[in-house]
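A predicted structure for the sequence below; I have some questions about it.
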Amino acid sequence: MQQTQADAVVVGGGHHGLVAAAILADAGWDVVLLEAEPELGGAVRSAELHPGFVTDRFSAFYPLAAASPVLRALELEEHGLRWAHAPAVLAHPPRPDGAEAAVLHRDAERTAAGLDAHHPGDGQAWLELCRQWQRIEPGLLRTLFTAFPPVRGPAELMRVLGVADALRLLRFALLPAARMGEELFGGQAARLLLAGNTAHADVPPNAPGSGVFGWLLAMLGQQHGFPTPVGGTGRLTAALASRAEAAGARLLTGERVERIVVRGGRAVAVETAGGARIAARRAVIADVSAHALYTRLLPRDAVPARLLDDLGRFVWDTPVVKIDWALSEPIPWRAKGVAEAGTVHLGADLDGLVRWSADLETGALPDSPFLLLGQMTTTDPQRSPAGTESAWAYSHLPRGIADRVAADELAERMEAVVEAHAPGFRERVLFRSVQRPSDLEGADANLVGGAVNGGTAQLFQQLVFRPVPGLGRPETPVERLYLGSAAAHPGGGVHGVCGFLAARAALGENGRLGPVRRRVTSAALALVHGR
C-alpha cells in the first residue's frame, strides 16, 4: 500500500471541501483533498451537453454565496470568478392565463412599485421589510453562519433591536409562510414572492418556520440578487480550486476514500480504493453525507450506538427531478415581466403551493407540479449562442417514490406546466436531458436519492438537530474528525460555511488551547451521544 502523510486530509471536493482546504492551507498546514469523481465541485458543476450551450448540472443561482462572508473573504475574483445578474431577479406568474407576474428586481423601489400596482400599500410594506433587513442582516448572518453557541451575532441583533423587537423577530421567524405573507401584505403578488422562495427548501408552506426561508431568500435577492458565475457554475469551482492550490493545498480527483482509519478514538489516516493510505497528522475533514461518514467510512466500533440510532431517524429532503434544455429561442412567456427574470417560480399560486406540498407529503405524484426554472442565457449571455436560451427546471417527487417511471412522468408534467405558461415552448426545444434522482446521486454521492439539500431543512433537523441531536458543531465523537458538508449546520446552499466551520474547529483544537477545547467538546458529545 502506497503511504503518504499530510497535516489534514479533506474527503470530498465539493465547494465546502475546497473552502476547508483553502482555510487550512492558509494557516500553513499541508493539506491533501481527495475527490472520488473525475472533476471537482460536487453539486457546483457545469458542462456543454449540447454544442454551444453551457448547462449547470446541479445548482445555478447563488444568493447565499453573494452574501457569505466566508466566500467573500476568499477573494475569488482574483482567481477568475465573475458574477452575472439577470435584468430581474425572479418572477412568479400566479396562473398560466397571462396574469401579471410578481417580479423581484435588484432595485427595491422598482420591486415596491410593482407590488403596489398589484395591491396599494404593499410597496410601502416591502420597503419597510427591506429597511428592517438592512439593519439586521449583519447580525442575522453572523448568527446563522456561526457554530453553536453563537454569541456575537445574537449580541449584535440585541444591540440593534432591543429585547422587545428581538422577541418579535423570533416569533416572525417561526411563522408558516402563508401566515407570514398575510401579516405583511394585503395582496397575492407580494405574498407569492415569499411563498415561492420558501419552496427552495423542502419545508411545507403551512409548517412553523417555513416563512423564514422565503423571507431570507427574498431579502437576499433584493439585497444581493441571485447571481450566477459568468461562463457556468463550474467557474466558481475553478476559482475555489485555484484559491486552495494557491495557498498550497493538493487537490486529487478520481480518488475514492474507502475508509477513515481510527486508532485510540482518533482519526489518523484515510485509505483509498486505489490502495493509497494518507496519514493525517492533525485532522480529517469530511465533506460527505452524514450517512456516508458514520455508516460507511468509519469502523462500526468508532461510532456511538446512540448516534447511529439517531441517524436512523434522519430525514432526507424530497427527491429532485431536473430537466435541462437547449432552446432555439427564449421562452415565449404569456405573463409580463417573466422574460427578464433569471429565476422563475412556476405552476402554482398560494393555494396551489399548499396543494403541491400536500401531494409530496402524502406520497402522491403531483398532477400540476411547482417548478423552479432558470433562464441562464437571459442571466449570462455566454451560456449559449445569441438569440437562443440555455434553461433548466426542477421539481420534487414524494419521498419513497424516486423510480425512473415516476421521474419521467413528472418530467412530462413539468414540461406541460411550462407549455401552459408559454405556448410554443416545446417547439423551441433543440435538446432535452432529464436528471432523475438516481442520475443526481450517480454524479454526486452526497445527493442521496436525489436529495440536494443534504437532509431536510425542517426545524426538527436544523441548528443543534443537524444531522442528529447534538451540539450544532462540526466536531464528531472521533477526535480530529470533523463533518464539513451540508449535512452539518448551517445546512444546504452554496455558502462555504460548513467547510469553513470544520476547518476553524480543526485549527482551534490544534491551537494553544486545543487540549482544553477537545476535553470540553468530548465531554459534551459524550453526554449527547454516549460513548
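Now that the structure is in, tell me what you want to look at. All values derive from a computational prediction rather than experimental measurement.

without its sequence neighbours, what residue ends up closest to the residue most central in space within the chain?
Nearest to the mean C-alpha position of the chain, by C-alpha atoms, centre = their mean, lies Gly493 at 1.6 Å. For Gly493, ignoring the flanking residues on the chain, the nearest one in space by C-beta to C-beta, 6 or more residues apart in numbering is Leu64 at 4.3 Å. Yep, even glycine has a C-beta here, placed from its N, CA and C like the rest.

so where do the helices sit in the stretch 251-400 of the chain?
For the stretch 251-400 of the chain, the helices defined by DSSP state H, counting those that start in this stretch occupy 290-291, 305-311, 350-362, 376-379.

most tightly surrounded among those?
Mean neighbours per residue, mean count of other C-beta atoms under 10 Å, is largest over the helices of the stretch 251-400 of the chain for helix 376-379, with a mean of 26.

packing partners for it?
On a contact count with 3 or more C-beta pairs under 8 Å, 6 or more residues apart in numbering; DSSP states H and E, helix 376-379 meets strand 53-56, strand 341-346, strand 389-396.

mind exporting that helix as PDB, just the C-alpha atoms?
Taking Å, rounded to 0.1, in the frame of the first residue of the first chain, the C-alpha atoms of helix 376-379 are listed here in PDB:
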ATOM      1  CA  MET A 376     -29.400  31.100 -17.900                       C
ATOM      2  CA  THR A 377     -28.700  32.900 -21.200                       C
ATOM      3  CA  THR A 378     -31.000  35.700 -20.000                       C
ATOM      4  CA  THR A 379     -28.800  35.900 -17.000                       C
END
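
just give the number of residues close to Gly274.
12 (other C-beta atoms under 10 Å).

so what's it up against?
Glu255, Arg256 (C-beta atoms under 8 Å, 6 or more residues apart in numbering).

state the pLDDT value of it.
Gly274 carries a pLDDT value of 92.

do Pro205 as well
The confidence metric pLDDT takes the value 88 at Pro205.

grab the nearest non-local neighbour of it.
Nearest residue to Pro205, sequence neighbours excluded (C-beta to C-beta, 6+ apart): Ala177, at 4.2 Å.

return the distance of that neighbour relative to Phe61.
If you measure Ala177 against Phe61 using C-beta to C-beta, to the nearest Å, the figure is 20 Å.

likewise Gln375?
10 Å.

shared neighbours, these two?
Contacts common to Gln375 and Phe61, judged by C-beta under 8 Å, 6+ apart, are Gly342, Thr343.

and Val344, which of the helices of the stretch 251-400 of the chain is closest to it?
Among the helices of the stretch 251-400 of the chain, helix 376-379 comes nearest to Val344, with 9.8 Å by C-beta to C-beta.

burial count for the residue nearest to Pro205?
31.

strands along the stretch 151-300 of the chain, start to end?
Under the criterion DSSP state E, counting those that start in this stretch, the stretch 151-300 of the chain contains strands at 228-229, 250-253, 257-263, 266-272, 276-286.

about what we covered before: which SS class is the residue nearest to Gly493?
Classification of Leu64 by DSSP: H, G, I helix; E, B strand; the rest coil places it in helix.

quick one: contacts for the closest residue to His224 other than its chain neighbours?
In space, not counting the residues next to it along the chain, His224 is nearest to Ala66; the distance is 3.9 Å by C-beta to C-beta, 6+ apart. For Ala66, the contact set (C-beta under 8 Å, 6+ apart) comprises Trp83, Leu220, His224, Gly225, Pro227.

what residues of stretch 218-233 count as buried?
Using 16 or more other C-beta atoms under 10 Å as the test for burial, stretch 218-233 gives 218-233.

what segments of the stretch 1-150 of the chain are strands?
Using DSSP E, counting those that start in this stretch, strands in the stretch 1-150 of the chain cover 2-11, 31-35, 46-50, 53-56, 83-84, 88-92, 102-104.

is it possible to export those strands to JSON lines including mean neighbour count, mean pLDDT and distance to Arg191?
What follows is these, written out as JSON lines (neighbours: other C-beta atoms under 10 Å; pLDDT from 0 to 100; distance: least, C-beta to C-beta, whole Å):
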{"stretch": "strand 2-11", "mean neighbour count": "21", "mean pLDDT": "93", "distance to Arg191": "43"}
{"stretch": "strand 31-35", "mean neighbour count": "26", "mean pLDDT": "98", "distance to Arg191": "42"}
{"stretch": "strand 46-50", "mean neighbour count": "18", "mean pLDDT": "96", "distance to Arg191": "34"}
{"stretch": "strand 53-56", "mean neighbour count": "24", "mean pLDDT": "97", "distance to Arg191": "29"}
{"stretch": "strand 83-84", "mean neighbour count": "18", "mean pLDDT": "98", "distance to Arg191": "29"}
{"stretch": "strand 88-92", "mean neighbour count": "29", "mean pLDDT": "98", "distance to Arg191": "10"}
{"stretch": "strand 102-104", "mean neighbour count": "28", "mean pLDDT": "97", "distance to Arg191": "8"}
